[in-house]
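Q: can you look at this prediction? I've put the sequence above it.
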Amino acid sequence: MRNKNDMKEECLICKAPLEYLSEDVEMECELCHKKEASKTRCVNGHYVCSECHMQGIDRLVGICLEETSGDPVEILNRMMAMPFCHMHGPEHHVMVGMALLTAYKNSGGDLDLKKALAEMNSRGRSVPGGACGFWGACGAGLSAGMFVSIVTGSTPLGVENFALSHKMTASALNAIGEIGGPRCCKRDSYLSILQAVKFVKEHLGIQMKQSEIICSYSGRNNQCIGQRCPFSPLQKTKE
């Protein structure tokens, strides 16, 4: 039996590659049998809804409340190693913001962490899988913007906090866009967190830690861009 780290992850049912349609069609989730419109399925026709894809993610609130690290990369890596986290998927839209909220609190940020994590869980879940391609806005980058919105108490009527949350999202999405596609939820999550660490230091005066990132997921990603990725182990061999 192959090790999970040696498997190319696509469809949660059969591991076949995913395909993205040009318009929504009605699909039935293979796990809960809910029917809904979607553009994403595997080449064998399997569809898994976002709720089933993220099953188990509710455990993150308790895990984050026990976390002591002020390094969002370290926290995110622990999340990504958990069984509910797949190579790609909308769970990253929640995890990026949760990792940042937790590190922010542990680095001295003034925050009701439990309340903030619950809010991040709610907001992040509203961003569907495939938003990176279909919306032109990766959910990991949006999650970083949600993080700043939550810690600053931004609302549609906000002034400075309204501006900051938009600037945070723009910074994360710009970093993702500079690398380009195809999507990689790990790469885009790391890029968003690195932008957030710099942004929070400059604008909110909180210094979060930042560990070196060397990706260990390339063997599970059919679309890995190799040396074009700033976190590729191949980058380190050139230094």
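A: Noted; the coordinates are in hand.
Q: break down the protein into its strands, ranges please.
A: 18-28, 35-42 (DSSP state E).
Q: just those: most buried one?
A: strand 35-42 (a mean of 16; mean count of other C-beta atoms under 10 Å). Any C-beta I mention is one placed from the backbone N, CA and C, and that applies to glycine too.
Q: sheet partners, orientation included, of it?
A: strand 18-28 (antiparallel) (DSSP bridges).
Q: for the partner strand, the averaged confidence score.
A: Averaged over strand 18-28, pLDDT sits at 87.
Q: ok so, going back, want to throw the strands of the chain into TSV with distance to F147?
A: Output for those, formatted as TSV (distance: least, C-beta to C-beta, whole Å):
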stretch	distance to F147
strand 18-28	27
strand 35-42	26
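Q: right, and those - which one's nearest N174?
A: strand 18-28 (23.3 Å; C-beta to C-beta).
Q: from the chain's centre, how far out does stretch 121-138 sit?
A: Offset of stretch 121-138 from its chain centre (C-alpha atoms, centre = their mean, to the nearest Å): 9 Å.
Q: ditto for stretch 221-231
A: 17 Å.
Q: just the terminal-to-terminal distance for that stretch.
A: 14 Å (C-alpha to C-alpha, to the nearest Å).
Q: other residues contacting that stretch?
A: With contacts defined as C-beta atoms under 8 Å, 6 or more residues apart in numbering, stretch 221-231 is touched by 8-10, 17, 87-88, 179-180, 182-184, 186-187, 190-191, 213-215, 217-218, 232, 234-235, 238.
Q: filter those residues down to just the buried residues.
A: Neighbour-count burial (16 or more other C-beta atoms under 10 Å) applied to these gives 9-10, 87-88, 183-184, 186-187, 190-191, 213, 215, 217-218, 232.
Q: roughly how far apart are F147 and C11?
A: 30 Å (C-beta to C-beta, to the nearest Å).
Q: what does K35 give?
A: 18 Å.
Q: with E23 instead?
A: For E23, the distance to C11 - C-beta to C-beta - is 20 Å.
Q: before we move on, what about M95?
A: Taking C-beta to C-beta as the measure, M95 falls 21 Å from C11.
Q: compare the two (neighbour count), which wins?
A: Just comparing M95 and C11: by other C-beta atoms under 10 Å the higher neighbour count belongs to M95, 31 against 19.
Q: just the pLDDT at that one, thanks.
A: 96.
Q: ok, it - contacts?
A: When contacts are counted by C-beta under 8 Å, 6+ apart, M95 touches 57, 60, 76, 79-80, 85, 124, 143, 189.
Q: could you dump these into TSV with pLDDT, neighbour count and distance to L111 added?
A: Listed next are the contacts of M95 as TSV, based on pLDDT from 0 to 100; neighbours: other C-beta atoms under 10 Å; distance: C-beta to C-beta, whole Å:
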residue	pLDDT	neighbour count	distance to L111
I57	75	22	20
L60	88	26	16
L76	96	26	18
M79	93	24	18
M80	93	20	23
C85	88	21	24
G124	95	25	17
S143	98	29	16
S189	97	29	21
